[in-house]
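J.: everything below, folded, please.
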Amino acid sequence: MRRTYRGANVEVSFDLEQCIHVGECLRRLPETFALDRRPWISPDAVDADDVVAVVERCPSGALQYRRLDGGPDERAPNPAVVTPMRNGPLLVRGRVEVRREDGTVEVLPRAALCRCGSSANKPFCDNSHLRIAFRAPGELFRIELSPVRRAVDQPLDRARDPRGS
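T.: Purely as a prediction, here's the structure:
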């Protein structure tokens, strides 16, 4: 379920079901994204351009934005670019129509799609590839540790993630 956090100049939305817990938001902009605060996203804490730059780094598309100040919205690559990550998901950058298991259709600018076959949240990745020790070729993806990913092979599960409450 996507939740929206409105600021004066930019609106940020977050969908925990799409999040693969890379933690780009928490590391790069802790003034705006903080797990120990409610709401955990404060779009007005910094300049809208800084918020936009970090949201666009979210590989899963869990974070999205809408400019309210007349600034440019996200320009997704056309055609979409699909990159297999080594031992992990397919990262999609570009306008992609995704049909969830419940039949809901969304057009997303970015997505992390399951390729191990074990996700309980298909078509999205839920990090099940870590649990099953999935192995496949692809690009290396540097994952840094954060409050939602304390170990590279064990991201915080959704049940304990404070962003879901």
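
J.: residue boundaries of the helices in this structure?
T.: Along the chain, the stretches classed as helices by DSSP state H are 24-28, 48-55, 128-131.

J.: make TSV out of those helices and add mean pLDDT and distance to R6.
T.: C-beta: built from backbone N, CA, C; applies to glycine. Rendered in TSV, the data for the helices of the chain read as follows (pLDDT from 0 to 100; distance: least, C-beta to C-beta, whole Å):
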stretch	mean pLDDT	distance to R6
helix 24-28	91	17
helix 48-55	98	12
helix 128-131	90	33
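
J.: tabulate those (a markdown table), appending mean neighbour count.
T.: Output for the helices of the chain, formatted as a markdown table (neighbours: other C-beta atoms under 10 Å):
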| stretch | mean neighbour count |
| --- | --- |
| helix 24-28 | 19 |
| helix 48-55 | 20 |
| helix 128-131 | 17 |
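
J.: so P43 sits against T32, correct?
T.: Yes - under the criterion of C-beta atoms under 8 Å, P43 is in contact with T32, at a separation of 6.6 Å.

J.: what do those two both touch?
T.: Common neighbours of P43 and T32, using C-beta atoms under 8 Å, 6 or more residues apart in numbering, are 12, 51.

J.: list the buried residues in stretch 71-81.
T.: Of the residues in stretch 71-81, those with enough neighbours to count as buried (16 or more other C-beta atoms under 10 Å) are 76, 80.

J.: now do the residue sitting furthest away from the middle of the chain against G23, distance only.
T.: When distances to the mean C-alpha position of the chain are computed (C-alpha atoms, centre = their mean), the maximum falls on G70, with 24.0 Å. From G70 across to G23, the span is 30 Å (C-beta to C-beta, to the nearest Å).

J.: and the pLDDT for the residue farthest from the centre of the chain?
T.: With respect to pLDDT, G70 has a value of 96.

J.: same question, R163
T.: Predicted confidence (pLDDT) for R163: 69.

J.: repeat that for H21.
T.: You'll see H21 listed with a pLDDT of 86.

J.: measure it to G103 for me?
T.: Counting by C-beta to C-beta, the gap between H21 and G103 amounts to 26 Å.

J.: please parse this structure into its domains.
T.: Domain assignment for the chain, taken from automatic domain parsing, gives 2-67, 81-148.
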